[in-house]
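Asks: next one to model:
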Amino acid sequence: MRRRHIDLEKTAVYAIAVNALQIAAAVAVAVLALAVGDRAFSGQLEQAALSGMALVVVWGAVLDIRDAYVARRVSRQSDMLEDALKRVNDLNVTLRAQRHDFMNHLQVVFGLLDMGDGEEARQYIERVYGDIQRVGQALRTSIPAVNALLAAKLNECQARHIETALTTQSAWNGVPVADWELCRVLGNLIDNALDALKGKSGPHLTLFIGETLRDYTFYVENDGPAIDRAFIGALFEPSVTTHGEGRGMGLSIVKEIMASYGGRMEVTSDDSATRFSGFIPKAQQAN
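Replies: Now for the predicted structure:
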């Protein structure tokens, strides 16, 4: 029998709504019982029993709502972990492929030199070096999941012929955000930037990772069309998007994650570039 996939987040939302209605109904019954008084009940004992039942129902509903919120958070963390694991697996495949090809590259270079074709050997080495440098640049942080994400996105940019510049000025040691949540933030911002570059001639994407005395910093910049100023103030609200119907949840997730760690996002956009900048307070500052 085929197993059905259960959407824990939707289930949690439904549970919260149902239990909220249950609380409202129980409170209404209790208020009505107190208002009616002896006209509907034989005495204070019955009123007390009914009120007690209402309180028990309300308490149970409150506990259910709390558990539903926990289930919703667990569901989101599970999704983030699955994304992070996929990035790590993608990076592992990339590194294994490069290791496998390394001897082949050396044989090609040796063959070209042996034939006296030094210029072709130089050009070949430059191409191989570019690939190695691109992956090496993505391995400079101390967070394997972030490294995997960046390597996967750089490969995607190369496949889509998007010129990419990655600057890593910090290893992000001690960053207070969970690995999978960092991947969710960066992944959503990069995906939005790639969407903005669709159809553009000579697209360019810039990624930056650094830190200051106060914050861990990053930004994702693209040279696609400018965002309408009317949208910028509401970009991080759910379902607000410039990429068509059915989109828009990514930036609201980014805002939610950043806010939960005391961080903030800034957006600048003009005809030359659009930049999403993030600032995460260092642990001592956040505490």
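
Asks: what about the strands in this protein?
Replies: 163-168, 204-211, 215-222, 264-269, 274-281 (DSSP state E).

Asks: can you give me the angle the third one makes with strand 163-168?
Replies: In terms of direction (axes from the mean of the first three to the mean of the last three CA atoms, to 10 degrees), strand 215-222 departs from strand 163-168 by 180 degrees.

Asks: one more: the fourth one?
Replies: Inter-element angle recorded for strand 264-269 and strand 163-168: 150 degrees (by the same axes, to 10 degrees).

Asks: contacts for strand 264-269?
Replies: For strand 264-269, the external contacting residues (CB atoms under 8 Å, 6 or more residues apart in numbering) are 226-227, 229, 232, 235-236, 254-255, 258, 274-279. No exception for glycine: its C-beta is placed from N, CA and C like everyone else's.

Asks: quick one: which of those is nearest Trp172?
Replies: Gly278 (11.8 Å; CB to CB).

Asks: excluding chain neighbours, what is closest to that closest one?
Replies: Take Gly278 and drop its neighbours on the chain: the residue closest to it by CB to CB, 6 or more residues apart in numbering is Phe218, 5.0 Å away.

Asks: and Tyr219, by the same measure?
Replies: Ser277 (4.2 Å).

Asks: just checking, the one you found touches Tyr216?
Replies: No: in this structure Ser277 lies outside contact range of Tyr216 using CB atoms under 8 Å: 11.8 Å.

Asks: more neighbours: those two, which one.
Replies: Per other CB atoms under 10 Å, whichever of Ser277 and Tyr216 has more neighbours is Tyr216, with 24 against 16.

Asks: so the spatially closest residue to Ala226 that is not a sequence neighbour bridges to which residues?
Replies: Leaving aside its chain neighbours, Ala226 sits nearest to Ser269 (4.9 Å; criterion: CB to CB, 6+ apart). Beta bridges link Ser269 to Thr274 when assigned by DSSP bridges.
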